[in-house]
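Peer 1: coordinates only, no sequence provided:
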């Protein structure tokens, strides 16, 4: 039976680990699955550029992993059970359970805008595409006022 490796998250860390593992480990002995909620690779370190109006490419993960033996599972992780060595996921088809022998947890982080009053309404982060685009829209709105000034 093959050693099952499940990588949660396909950002810089998850994609890097999966790529290294697939190059170093034998296909006869291992199978590698990457689980990611978004279909695209988000270049998080470049979200500030997206917020300021520059185009930032978001390659499809299916294309990134094409030609490798990495299996991509587009789904959101809903539960990790380390005792049973399973990950429960939700996707458009309802989801399922993935068993693993080795788990790589690379889901990244996000800001908690709920704990500080006013942050959700008035603050901006650039940790992901939707939030960077929200800031971009706000900056465009400010620019459209013809009131001068700079950010």
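Peer 2: Looks like it came in fine. These numbers come from a predicted model, not from an experiment. Numbers count the residues shown, from 1 in each chain.
Peer 1: ranges for the helices of the chain?
Peer 2: In the chain, the segments counted as helices under DSSP state H are 12-24, 47-51, 61-64, 119-122, 129-143.
Peer 1: tabulate those in JSON lines, adding columns for mean pLDDT.
Peer 2: Putting the helices of the chain into JSON lines (pLDDT from 0 to 100) gives the following:
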{"stretch": "helix 12-24", "mean pLDDT": "96"}
{"stretch": "helix 47-51", "mean pLDDT": "92"}
{"stretch": "helix 61-64", "mean pLDDT": "96"}
{"stretch": "helix 119-122", "mean pLDDT": "86"}
{"stretch": "helix 129-143", "mean pLDDT": "86"}
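Peer 1: out of the ones you listed, which gets nearest to residue 87?
Peer 2: helix 12-24 (13.2 Å; CB to CB). For every residue, glycine as well, the C-beta is placed using N, CA and C.
Peer 1: name the helices or strands packed onto that closest one?
Peer 2: strand 3-8, strand 30-36, strand 70-74, strand 102-105 (3 or more CB pairs under 8 Å, 6 or more residues apart in numbering; DSSP states H and E).
Peer 1: ok, 10 Å please
Peer 2: In terms of contacts (3 or more CB pairs under 10 Å, 6 or more residues apart in numbering; DSSP states H and E), helix 12-24 is packed against strand 3-8, strand 30-36, helix 61-64, strand 70-74, strand 102-105.
Peer 1: give me the contacts around that helix.
Peer 2: For helix 12-24, the surrounding residues in contact (CB atoms under 10 Å, 6 or more residues apart in numbering) are 5-10, 30-36, 41-45, 61, 64-65, 68-72, 102, 104-108.
Peer 1: and that helix, which residues are buried?
Peer 2: If you call a residue buried by 16 or more other CB atoms under 10 Å, then helix 12-24 has these buried ones: 14, 15, 17, 18, 19, 21, 22.
Peer 1: closest one of those residues to residue 89?
Peer 2: Top of the list for closeness to residue 89, among those and by CB to CB, is residue 14 at 14.4 Å.
Peer 1: how near is the closest one to residue 121?
Peer 2: From residue 14 across to residue 121, the span is 32 Å (CB to CB, to the nearest Å).
Peer 1: do the same with residue 79
Peer 2: Residue 79 sits 31 Å away from residue 121, taking CB to CB as the criterion.
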